[in-house]
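*Asks:* Provided below are the primary sequence and the corresponding predicted coordinates.
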Amino acid sequence: MVATNNIKLLAPDVHRGLAELVAQRLGSRLTECKLKRDPTGEVSFSIGESVRDQDIYIITQIGSGIVNDRVLELLIMINACKTASARRITAIIPNFPYARQDRKDKSRAPITAKLMADMLTTAGCDHVITMDLHASQIQGFFDIPVDNLYAEPSVVRYIKEKVSIEESIIISPDAGGAKRAAGLADRLDLGFALIHKERAKANEVSRMVLVGDVTDKVCIIVDDMADTCGTLAKAADVLLDHGAKKVMAIVTHGVLSGNAIQNINNSRLDRVVCTNTVPFEEKMILCSKLDVIDVSRVLAESIRRLHNGESISYLFKNYPL
């Protein structure tokens, strides 16, 4: 437990579930603040108590929906703390917005992840904590420290508790995620297989080719993000057609946008497990196949270690005690 006499935890008015769990684990409370919009849509924000010479931790869940509104609210909250003479401001953004726009993939395209880094720094942020960045090089876009935590220890714990490991195999849904899946397979001492996607044209998968043997195996597809879940549904079909006993998916950021819930319900997936970096409580009501991994303990421990000047690297490979 961390001393809370010079630490303040803040969260926006919406999607406060994760922030409240983190506060409970720290034996603290969320600082009173008000964020509202006027009829034109402009945001006004005020803090209900002094933050002068305090360490501020702003915990926000930015997922599907009105992402740009959540980003602007975060920037305003950071700037309000800065102008109120806070000592240090740390933004805890488990699902970093615009992380998939990390490079120029075509002419005259923006690198929006870099713009996000510039805006956070300009607003007054001193430190960023995130989880499973889509591209690790985004850390280099910042002129301030960035700690990229990993969901892997929490995923390992979930698999050991909820899945029959003896008959399981780890699956990467594409070549880009092979390193992540192989690392998880090594930690669990499991086999590894890969699905190669062949595209007839951009954003359209024409065929999926399985590399590896999944006969009579419980297949665990691992990925960093699930958006519309179309790829996961197709991957499940391929695996089951090749003799798999059961297929489940574990992803860090369950964005679940568009017709994701319909795709999951209509798929042959047994279960889709997401961490609570993105709020999806309402979607769990619509889909019985969804399950959640709570990462609040990891985030709370990262705050405690940062506040006390301890190393955070322990959390990269270990689940907090």
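*Replies:* Yep, it's here. Residues are numbered from 1 along each chain as shown.
*Asks:* so how far is residue 232 from residue 266?
*Replies:* Counting by CB to CB, to the nearest Å, the gap between residue 266 and residue 232 amounts to 12 Å. C-beta coordinates here come from the backbone N, C-alpha and C atoms, glycine included.
*Asks:* now the stretch 151-300 of the chain, which segments are flagged as low pLDDT?
*Replies:* Applying pLDDT under 70 to the stretch 151-300 of the chain picks out residues 199-206.
*Asks:* So residue 266 and residue 232 - more neighbours on which side?
*Replies:* Neighbours per residue (other CB atoms under 10 Å) separate residue 266 from residue 232, with residue 232 holding more: 23 against 10.
*Asks:* how far away is that one from residue 219?
*Replies:* 11 Å.
*Asks:* Buried ones in stretch 110-125, by neighbour count?
*Replies:* The neighbour-count check on stretch 110-125 (16 or more other CB atoms under 10 Å) flags 111, 113-114, 116-117, 120-121, 123-125 as buried.
*Asks:* er, stretch 141-151 I mean
*Replies:* 141-142, 146-151.
*Asks:* chain center to it, what's the gap?
*Replies:* 13 Å (CA atoms, centre = their mean, to the nearest Å).
*Asks:* Pull the residues that contact that stretch.
*Replies:* For stretch 141-151, the external contacting residues (CB atoms under 8 Å, 6 or more residues apart in numbering) are 111, 113-114, 116-118, 120-121, 125-133, 136, 138-139, 252, 275, 277, 293, 295, 298-299, 302, 306, 312, 315-317.
*Asks:* Test my guess that residue 246 contacts residue 239.
*Replies:* No. Here residue 246 does not reach residue 239: they are 9.2 Å apart, not a contact under CB atoms under 8 Å.
*Asks:* out of the two, which sits in the more crowded spot?
*Replies:* Taking neighbours as other CB under 10 Å, residue 246 and residue 239 compare with residue 239 leading, 27 against 20.
*Asks:* what about the helices in the stretch 201-321 of the chain?
*Replies:* Using DSSP state H, counting those that start in this stretch, the helices assigned to the stretch 201-321 of the chain run over residues 230-241, 260-266, 281-286, 296-307.
*Asks:* could you dump those helices to a markdown table with distance to residue 158?
*Replies:* Output for the helices of the stretch 201-321 of the chain, formatted as a markdown table (distance: least, CB to CB, whole Å):
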| stretch | distance to residue 158 |
| --- | --- |
| helix 230-241 | 17 |
| helix 260-266 | 18 |
| helix 281-286 | 16 |
| helix 296-307 | 13 |
